[in-house]
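Make a model of this:
(one chain, ligands or ions: 1)
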Amino acid sequence: MGKTKLYVSCRLENVDNLRLPGDDDWYFILQCGNCGMNTDTEVYFNPVEEIEMEGSRGSANYIAKCKSCERKGSISFIKTAPYLMKDNEEPQMIAEFECRGWELAEFCPKGGYICQSTESETVFDDVDLQEGDWAEYDDEGDVPVGIYDFKGYFE
Ligand SMILES: [Zn+2]
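Alright, predicted model coming up:
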C-alpha cells in the first residue's frame, strides 16, 4: 500500500497544456505487490468510474485479482494534473495514485491526448503518444507543433 506519483517528461514544440480528457482511460502494466508477476496485458481505468469495494471499504478506480496468486488489489486516483510544461527539461507529475496490492509498472500513453498551440487558439484533441512522438502543423499559428520523447515513470 502506498502512494505513487506518475511523472512524464517530453520535449514540446509550440504546444502546452498537454493532458488526457478528464474521463478518458489511462493504461498501465501492473505488477502484483504479493507475487511480483506483471499483468500480461495493459489494464485501464479512469478517474470518474469508481467501483465499490467489498465490505463497504470505500471505492477504487480499479479492482482486480492477480492471475498468478489470486490476491486482490486496487488502485485509486488521488489527483490528476494537466501537464503545463514551460521548461522542457523538468519532468512533471501528471497523476497520483493510491495503490493497494498492485504496483504501477509501466505507463502506456494510449488515448487521445489534448494539447494547445502556443501560437494560436488551435486545440489538438487526438494526440497519439504511444510511439513517444507526435507532430502536426498549426495552420492558424503557422508553426510546426510536436511532442517528442514522451516518457512516463513512477516515484
Ligand atoms: Zn500475484
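
what residue ranges in the protein score low on pLDDT?
For the chain, applying pLDDT under 70 flags the ranges 1, 56, 84-89.

For the residue nearest to E13 when sequence neighbours are not counted, the count of nearby residues, please.
With sequence-adjacent residues excluded and distances taken as CB to CB, 6 or more residues apart in numbering, E13 is closest to G146, at 4.1 Å. Every C-beta, even on glycine, is put in place using the N, C-alpha and C of the backbone. G146 has 18 neighbours, counted by other CB atoms under 10 Å.

partners of Y7 in the sheet?
M93, Y153 (DSSP bridges).

Strands of the protein, residue ranges please.
Assigned by DSSP state E, the chain shows strands spanning 2-13, 15-19, 26-32, 43-45, 51-52, 59-60, 62-65, 72-80, 92-100, 102-108, 113-117, 123-127, 134-138, 143-154.

Dump these to TSV, plus distance to the ion.
Shown next, in TSV, are those (distance: least, CB to the ion, whole Å):
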stretch	distance to the ion
strand 2-13	17
strand 15-19	32
strand 26-32	3
strand 43-45	14
strand 51-52	19
strand 59-60	17
strand 62-65	8
strand 72-80	8
strand 92-100	13
strand 102-108	9
strand 113-117	31
strand 123-127	34
strand 134-138	35
strand 143-154	19
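
quick one: contacts for the residue most central in space within the chain?
Centroid-nearest residue in the chain, with CA atoms, centre = their mean: W26, separated by 5.1 Å. Contacts of W26 were listed using CB atoms under 8 Å, 6 or more residues apart in numbering, and they are L20, Y44, F45, N46, P47, A95, F107, G111.

Tell me what L104 is bridged to.
L30.

and it, what does it touch?
Residues near L104 by CB under 8 Å, 6+ apart: T4, L6, F28, L30, Q31, I75, F97, F154.

can you tell me which two in those residues are farthest apart?
Across the contacts of L104, the longest distance by CB to CB is 14.5 Å; it joins L6 and Q31.

My guess is T39 contacts L30. True?
Yes: using CB atoms under 8 Å, T39 is in contact with L30, at 4.7 Å.
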